[in-house]
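In: Using only what follows, build the 3D model:
(chains A and B)
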Amino acid sequence: QKEVEQNSGPLSVPEGAIASLNCTYSDRGSQSFFWYRQYSGKSPELIMFIYSNGDKEDGRFTAQLNKASQYVSLLIRDSQPSDSATYLCAVRRGITGGGNKLTFGTGTQLKVEL
Amino acid sequence: GAVVSQHPSRVICKSGTSVKIECRSLDFQATTMFWYRQFPKQSLMLMATSNEGSKATYEQGVEKDKFLINHASLTLSTLTVTSAHPEDSSFYICSASPSSDTQYFGPGTRLTVL
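Out: Next up is the predicted model:
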């Protein structure tokens, strides 16, 4: 079992729709959860992070965390063609301390169609 | 804030030569930097964790004598790929971590070994 699992996609959604990206993790000791966006040929950029169960909203993005189910998701509202990218889920054991390493999933490719 | 640079962005070298990649945190001090490698259509694989003033911690399977890491200051870490071979061709990405909570990625270095 992979430590962090994501459906590789591609996930295709029409412009303006809600894109839902999912991630499961195996380490129950994980406490910090991150979503990164990576365009082809570029390095990842941080979208948002979440520590507590529930929802966290930032603009068009909402991260959802359910530690009991070991599940974290990212919702993108009003999807735009510019959102087309690979979305990487990452987990970390600690909450504070940037020194704790991140474990990445393989990413979900999102395609937003006109 | 939280800008990380890498140099060079792209390098082509002959088999058997060594290549040095620099990673700099431009607007913060990074006590910890991370080096990743990403092959096409695969996720980021952590190679090593670099702490300022101490030896790097390498992930299992990563040859420390082949991938030399130096973290001489709080704003600079270098990765030297020694005696590079075509199978070392990859996208190398560093990230830097301020003391707070997350990692910020550099733009990456694409290495091609002929």
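
In: What are the phi and psi values at residue 17?
Out: Reading this off chain A. phi -80, psi 170 (degrees, to the nearest 10).

In: which residues of the chain fall in strands?
Out: Reading this off chain A. A:4-5, A:11-14, A:19-25, A:32-38, A:45-50, A:54-58, A:61-66, A:71-76, A:85-92, A:103-104, A:108-113 (DSSP state E).

In: meant chain B, my bad for not saying
Out: B:4-7, B:10-13, B:19-25, B:32-38, B:45-51, B:57-58, B:67-73, B:76-81, B:90-97, B:104-105, B:109-113.

In: Low-confidence ranges, chain B, go.
Out: B:1, B:99-101 (pLDDT under 70).

In: which bits of it sit near chain A?
Out: Counting by Cβ under 8 Å from any Cβ of the partner chain, the residues of chain B close to chain A are B:31-32, B:34, B:42-44, B:46, B:49, B:51, B:93, B:97-108, B:110. All C-beta spots, glycine's among them, are computed from the backbone N, C-alpha and C.

In: Buried only: go through the residues you listed for me.
Out: B:31-32, B:34, B:43-44, B:46, B:49, B:51, B:93, B:97-98, B:101-106, B:108, B:110 (16 or more other Cβ atoms under 10 Å in any protein chain shown).

In: In chain B, what residue lies closest to chain A?
Out: Nearest to chain A in chain B, going by Cβ to the nearest Cβ, is residue B:97, at a distance of 2.8 Å.

In: Would you agree that residue is in contact with residue B:32?
Out: Yes. Counting by Cβ atoms under 8 Å, residue B:97 touches residue B:32, with 4.5 Å between them.

In: what sits opposite the residue nearest in space to the middle of chain B in the beta ladder?
Out: Note on chain B: the residue nearest the mean C-alpha position is residue B:35, at 3.7 Å, using Cα atoms, centre = their mean. Residue B:35 has these beta-bridge partners by DSSP bridges: residue B:48, residue B:94.

In: Next, the contact list for the nearest residue to residue B:90 once chain neighbours are set aside, please.
Out: Using Cβ to Cβ, 6 or more residues apart in numbering or on different chains and skipping residues adjacent in sequence, the residue nearest residue B:90 is residue B:37, 4.8 Å away. Neighbouring residues of residue B:37 by Cβ atoms under 8 Å, 6 or more residues apart in numbering or on different chains: B:44-45, B:47, B:90-93.

In: Greatest separation within these: which pair is it?
Out: B:47 and B:91 (12.0 Å; Cβ to Cβ).

In: Settle it for me: which of those two has more neighbours?
Out: residue B:47 (24 against 19; other Cβ atoms under 10 Å in any protein chain shown).

In: List the buried residues for stretch B:56-73?
Out: Within stretch B:56-73, the residues scored as buried using 16+ other Cβ under 10 Å are B:56-58, B:62, B:67-69, B:71.

In: Just flag the most distant two among these.
Out: Within the buried residues of stretch B:56-73, B:62 and B:71 form the most distant pair, 15.8 Å apart (Cβ to Cβ).
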